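Enquirer: this is the structure alone, sequence omitted:
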């Protein structure tokens, strides 16, 4: 079977772009907002500028998008909902750093585009994997600030969206791939992907993230992390893995360990990528809740019908807000 080294790199990346394009072109309103959020994170000391905040509020003012942000916030910012305080969309937006809000926008966009285009009989399993990956990644990134929630969420969820494009183009091959992974107890098989489709899900993931507005450096680091084994993650030299890619890869290491064992990874890695004790305890508690099924937010799937006075009481105190643009 051929592997990535046997395929012309330029041709493989061109193929990956074609697969990513199966989800449709990213509207400029999304990519512009994400770039503005990243700009605020980098140049405005992690504070939302008034113009970026207004753009984010517009984007999340549609009933479906508003519902997603509300239920995401219930899961990721639970202490904000301990009283009966009324929440407007702007209040929800301001719960996040700009970069973390960019991560939520990116994950929600990819989820909804993939859901719309992927065959129904295959989307269910991919959707569950993406939801879990995004939630674990966001929570890990929150617990370990040197990783960051946005980076964690994208690392945890984007591969599912990429694999959805294989199902869109080649349902037979994608089903064979799923059976192959199950028989070998693998999360992915890059050589198999390249042999069948001419590119890897890591490459498609990288193209998707870049098209969303996260930039070349970010998307290249994501690609590198998706191809890494655990070996380079041990403490010491990075063995060719740059720091941003290392942060991406450590996210998955922590997510897998906490979900499967309820404790920190056994692989020793750089000390700045361990949470403080209280953050670790909170992370373990949140992941345990997700694993038990007690955390039922499923924010990526939430729509306008979920935004009711019963399900979202904080959003129905006072006047109901105007409808805005939807993420779909």
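Expert: Great, that's in hand. The model shown is predicted, which means the values in this text are computed figures rather than measured ones.
Enquirer: mind listing what the residue nearest to residue 117 when sequence neighbours are not counted touches?
Expert: Sequence neighbours aside, residue 168 is the residue nearest to residue 117 in space, at 5.3 Å (criterion: Cβ to Cβ, 6 or more residues apart in numbering). Using the backbone N, CA and C atoms, a C-beta is placed for each residue, glycine as well. Going by Cβ atoms under 8 Å, 6 or more residues apart in numbering, residue 168 touches 22, 117-119.
Enquirer: which of the residues you listed count as buried?
Expert: The neighbour count (16 or more other Cβ atoms under 10 Å) marks 22, 118 as buried among these.
Enquirer: between which two of the contacts of residue 168 is the distance greatest?
Expert: Greatest spatial distance in these: 22 and 119, 12.1 Å, computed using Cβ to Cβ.
Enquirer: spell out the secondary structure type for residue 199.
Expert: coil (DSSP: H, G, I helix; E, B strand; the rest coil).
Enquirer: from residue 205, how far out is it?
Expert: Distance check for residue 199 against residue 205: by Cβ to Cβ, to the nearest Å, it reads 10 Å.
Enquirer: residue 274 now?
Expert: Between residue 274 and residue 205 the distance, using Cβ to Cβ, works out to 26 Å.
Enquirer: more neighbours, those two?
Expert: Between residue 274 and residue 205, residue 205 has the larger neighbour count (other Cβ atoms under 10 Å), namely 28 against 18.
Enquirer: can you tell me the element that one falls in?
Expert: If you go by DSSP states H and E, residue 205 is part of helix 201-209.
Enquirer: show me what that helix is packed up against.
Expert: Applying 3 or more Cβ pairs under 8 Å, 6 or more residues apart in numbering; DSSP states H and E, we find helix 201-209 packed against helix 9-20, helix 149-169, helix 190-197, helix 216-226.
Enquirer: remind me which residues of the stretch 101-250 of the chain are low pLDDT?
Expert: Low-confidence segments of the stretch 101-250 of the chain, defined by pLDDT under 70: 229-241.
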